[in-house]
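*Asks:* got a predicted structure here, sequence first:
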Protein chains: 2
Amino acid sequence: MAELPIIELDEFAAIVGANNVLTASDAAPYLQEQRGRFTGEALAAIRPGTTDEVAAVVATCARLGISIVPQGGNTGLVGGSVPQHTPRSIVLSTRRLDRIRNIDALGSTMTVEAGVILQRAREAADQADRLLPLTLGAEGSCTIGGVLSTNAGGHLTLAYGNARALALGLEVVLPDGRVWNGLSRLRKDNTGYDLKQLFLGAEGTLGIVTAAVLALQPKPRDVATGFVGLRDPDAAVALLAALQDASGGAIVAFELMPRLAIDFATAHVAGAFEPISARTQWYVLLEATSGVAGAARTALEQGLARALEDGLIDDAVLAESGEQRRRFWFMREAIVEAQKFEGASIKHDISVPVASVPDFIRRADLAVEAVAPGARPYAFGHVGDGNVHYNITQPPGLAPAAWMARWDELNRVVHAIVAELDGSISAEHGIGRFKRDALPGVKSTVEFDLLQRVKRALDPDGRMNPGAMF
Amino acid sequence: MAELPIIELDEFAAIVGANNVLTASDAAPYLQEQRGRFTGEALAAIRPGTTDEVAAVVATCARLGISIVPQGGNTGLVGGSVPQHTPRSIVLSTRRLDRIRNIDALGSTMTVEAGVILQRAREAADQADRLLPLTLGAEGSCTIGGVLSTNAGGHLTLAYGNARALALGLEVVLPDGRVWNGLSRLRKDNTGYDLKQLFLGAEGTLGIVTAAVLALQPKPRDVATGFVGLRDPDAAVALLAALQDASGGAIVAFELMPRLAIDFATAHVAGAFEPISARTQWYVLLEATSGVAGAARTALEQGLARALEDGLIDDAVLAESGEQRRRFWFMREAIVEAQKFEGASIKHDISVPVASVPDFIRRADLAVEAVAPGARPYAFGHVGDGNVHYNITQPPGLAPAAWMARWDELNRVVHAIVAELDGSISAEHGIGRFKRDALPGVKSTVEFDLLQRVKRALDPDGRMNPGAMF
């Protein structure tokens, strides 16, 4: 690892304290992505504890020509928070910015710092009898700054939108060290461009989010959760439309999974179970909420009864208790966990228009079978948003490394179908370093030019998260 | 009016046809804002009929150094669509771009061109059994391009957000005449910066929105509308929180109005009526929706009954029919209409955090009385979003012109209180030319610099709607 000259180390230490300037092996945990796919190097990992400290560190970096890779919980999946191939860079960890500054129950907002763990923020909202409607697999370790900077998705996007939709205001340290205080608590403000939109989903390439005002929601008074068995993704998309129609939009989660996923989970994950008695080719885990006690369950019962009558679904079961609901959702985690026991998987995080999901899966399955006979497509995800995690588990018996060697090839096959359906090659995980080289290929010349203009306008020296996105 | 040299006129006529290049008196309707506050001048008003024609006109303007003021339904209230003090400029009207290109009921999206009238778009969605959740006073004449470019608000923002929240994708003609096809129908796409956010609410200063993909919603299956009488805005804000809590967020509209508004309306507007039997100082028109038949009404009945018991409100009535519901909403329009019969009004379109609305109204009323005894504050609006149209009707007997002469003075008084409460001086109407000079005063130096950087990055020659916003 390159070393930080002692004189520069002293400058940073004077700002954040010597114990918050980590070098050599102390910095190692900040230089490796959790799945182990990305390992990087940096002069140091620096952990400021306040916005002012962040600003001072960033201003110092600007003066010394040092690049900055912002990092939250380091739970990203595209190498966005690990510096690579940049001669002089630091990791700036926001995790010590962990204060919940304010909760306004009457106005339904909370102001939190970037390093607050998502789950902690949600629990704090819950204690104020409000809902922070963002939930995803990494919620126990990902940070608010990270989910905003990557515009994270998750299970409730269908009803509440991505992380972008939660942010009323931001506090951002700009690449030159100036602080933009955009911590607005306003629901409506049409004075000039909506600057916060620039930083939401920007993966730290334009500045560092240090705090945010989040919009909270009323807590639903009724939640109904069900598992449905059906024959194909066409039936799933039709079911979603029918249920949304009948319930006036009460469906908040709609997660598709194939039979193969249930097989893998019940074979390999302790506690996994057959969710319904019928054995069908596809399954949906779905949830409805309502403000009126009993109304969500009634809506789901009636909607699913009609779907059964109409032959749209083969079987359905509703959770009868909070415990059963938790078990249903456990299955959603179990199918993710289960894949690794069957060897290596080549993964995709794609989206298409919702109505095109069945067509996408059908065409992708055929294309994969053509180039990789025996490979096992494992398509699951947030179908209510058109977002499919189209993973492909290796053919049985193959060496995992041999399968992983075909990653780029299979990506090309799948992404070509995504392109034909006007879809996205990164629905919720972002670009980072992992998909950077693919980005120009999926953008028009005009669009890529616009992206670059924005980057140059806000980070003219290109020192913010270099190598990520561009 | 300056004249377009004949050789340039011919160039534009070759693109859009001679009858769509309007000059002299033919152009006059495009050069006057509806309320008559802004009159401008331009070389011509040009009306392209397709995106390609828009692009060709814009490219020609770029080559000839002509500035462009985009205009939709010309219903704005801040002079954003009327050119002023720009030597060589045209009005580019998008009203002939009036095709509904696509409605995808299964995917709940519609693709419409910029010149489609909002009401027509909503009716088309309705015919596909979907809801386009944007409604506002000018909906019969404002265009989709206009509402997106101004991030319009209206009565349903509380539940569905501003116009910004409706847009999944945009097609934009850039200042150099290139077309950005960003007509995504995706619900989730994290490939690079969310470029559409730049153009939404940009008032045509960065490019011309020519088409959009709008997200549609399931239609509610139950609607309940009520009028409530209560003692003060504190009670209104507390009522909103209580109803949202009890109903899990079923309230979609929450419009505050003062007794004075009911007095003005019943005195001057045919068909206006006392909405409830009790005579109270403040009123709220509110609406709840639900996906389950009867659930919205039940939630509202129970919530209002408890509010009566708790002494939070003095009286309430629910609409018993669609006709009564329409009459309730007619009162919302009537109170706007009624003001003019009592003389001139000095107007504000402010927002503050929701919980600060009562404080704002109290302090503004005191401040106005101090500097203008006898003036009649007339505060109404979308209190669920913290958005108050704080209008001040002149003292009785004063000459209207004498009252209007105090516009800037009263603005300063009111906006100072807005600033103290971290509010906005333009919650939903935008900046345009009307509030341009006030913009730097309400932005920090850092924020104003960011606004300018965005402007320069996308419109380096400053030819898009010059004089608006900046």
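*Replies:* Received, thanks. Only a predicted model underlies this, so the values are computations on that prediction, with no experimental measurement involved.

*Asks:* give me the distance between the spatially most central residue of chain A and residue A:223.
*Replies:* For chain A, the residue sitting closest to the mean C-alpha position, by Cα atoms, centre = their mean, is residue A:152 at 3.4 Å. Distance of residue A:152 to residue A:223, given as Cβ to Cβ, to the nearest Å: 22 Å. Any C-beta I mention is one placed from the backbone N, CA and C, and that applies to glycine too.

*Asks:* which residues of the stretch 351-470 of chain A fall in strands?
*Replies:* Secondary structure of the stretch 351-470 of chain A, counting by DSSP state E, counting those that start in this stretch: strands at A:376-382, A:387-393.

*Asks:* out of those, the one nearest chain B is which?
*Replies:* Set against chain B and scored by Cβ to the nearest Cβ, the strands of the stretch 351-470 of chain A come closest in strand A:387-393, at 4.9 Å.

*Asks:* that closest one and chain B in contact?
*Replies:* Yes - counting by Cβ under 8 Å from any Cβ of the partner chain, chain B has neighbours in strand A:387-393: residue A:387.

*Asks:* now do stretch A:433-444
*Replies:* Yes - interface with chain B: stretch A:433-444 contributes A:435, A:439, A:442-444 (Cβ under 8 Å from any Cβ).

*Asks:* adding distance to residue B:192, neighbour count and pLDDT, write the residues you listed out as JSON lines.
*Replies:* Output for the residues of stretch A:433-444 next to chain B, formatted as JSON lines (distance: Cβ to Cβ, whole Å; neighbours: other Cβ atoms under 10 Å in any protein chain shown; pLDDT from 0 to 100):
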{"residue": "A:435", "distance to residue B:192": "10", "neighbour count": "23", "pLDDT": "95"}
{"residue": "A:439", "distance to residue B:192": "6", "neighbour count": "18", "pLDDT": "96"}
{"residue": "A:442", "distance to residue B:192": "9", "neighbour count": "20", "pLDDT": "95"}
{"residue": "A:443", "distance to residue B:192": "7", "neighbour count": "16", "pLDDT": "97"}
{"residue": "A:444", "distance to residue B:192": "12", "neighbour count": "14", "pLDDT": "97"}
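
*Asks:* quick one: which of these sit in helices?
*Replies:* A:439, A:442 (DSSP state H).

*Asks:* near chain B, which residues of the stretch 51-200 of chain A?
*Replies:* A:104-109, A:129, A:150-151, A:153, A:157-158, A:161-162, A:164-165, A:174, A:178-182, A:184-195, A:197-198, A:200.

*Asks:* among these, name the ones in strands.
*Replies:* A:104, A:109, A:179-182 (DSSP state E).

*Asks:* residue contacts, residue A:220?
*Replies:* Under the criterion of Cβ atoms under 8 Å, 6 or more residues apart in numbering or on different chains, the contact list for residue A:220 reads A:131, A:252, A:289-291, A:296, B:248-249.

*Asks:* mind naming the longest helix for chain A?
*Replies:* Every helix in chain A considered (DSSP H), the longest is helix A:322-338.

*Asks:* give the residue spans of chain A that score low on pLDDT.
*Replies:* A:1-2 (pLDDT under 70).

*Asks:* domain assignment for it?
*Replies:* A:6-93, A:100-218, A:222-339, A:344-430 (automatic domain parsing).

*Asks:* quick one: is stretch A:277-290 near chain B?
*Replies:* Yes - interface with chain B: stretch A:277-290 contributes A:289-290 (Cβ under 8 Å from any Cβ).

*Asks:* excluding its backbone neighbours, what's nearest the one residue in the stretch 251-400 of chain A that gets nearest to chain B?
*Replies:* Closest approach between the stretch 251-400 of chain A and chain B, counting by Cβ to the nearest Cβ: residue A:291, at 2.5 Å. Nearest residue to residue A:291, sequence neighbours excluded (Cβ to Cβ, 6 or more residues apart in numbering or on different chains): residue B:248, at 2.5 Å.

*Asks:* surely that neighbour meets residue A:223?
*Replies:* No - applying Cβ atoms under 8 Å as the test, residue B:248 and residue A:223 come out as separate, 9.8 Å apart.

*Asks:* the more surrounded of the two?
*Replies:* Taking other Cβ atoms under 10 Å in any protein chain shown, residue B:248 and residue A:223 do not tie; residue B:248 has more neighbours (24 against 18).

*Asks:* and the residues of the stretch 51-200 of chain A next to chain B, which are buried?
*Replies:* A:104-105, A:107-109, A:150-151, A:153, A:157-158, A:161-162, A:164, A:174, A:178-180, A:182, A:184-195, A:197-198, A:200 (16 or more other Cβ atoms under 10 Å in any protein chain shown).

*Asks:* verify the stated contact: residue A:356 with residue A:420.
*Replies:* No - using Cβ under 8 Å as the test, residue A:356 is too far from residue A:420 to be in contact (9.6 Å).

*Asks:* in the stretch 51-200 of chain A, which spans are helices?
*Replies:* A:51-64, A:118-127, A:144-149, A:157-160, A:196-199 (DSSP state H, counting those that start in this stretch).

*Asks:* ok, which of these comes nearest residue A:285?
*Replies:* Minimum separation from residue A:285 across these (Cβ to Cβ) falls at helix A:157-160, 12.3 Å.

*Asks:* who are the packing partners of that closest one?
*Replies:* strand A:251-258 (3 or more Cβ pairs under 8 Å, 6 or more residues apart in numbering or on different chains; DSSP states H and E).

*Asks:* what's in contact with the strand it packs on?
*Replies:* By Cβ under 8 Å, 6+ apart, strand A:251-258 touches A:155-156, A:158-160, A:220, A:233, A:236, A:240, A:243-244, A:281-289, A:332, A:335, A:357, A:377-384, A:388.

*Asks:* buried ones among the residues you listed?
*Replies:* A:155-156, A:158-160, A:220, A:233, A:236, A:240, A:243-244, A:282-289, A:332, A:335, A:357, A:377-384, A:388.

*Asks:* just how off-centre is stretch A:226-242 within its chain?
*Replies:* 24 Å (Cα atoms, centre = their mean, to the nearest Å).

*Asks:* endpoint to endpoint, that stretch covers what distance?
*Replies:* Separation of the first and last residues of stretch A:226-242 by Cα to Cα, to the nearest Å is 15 Å.
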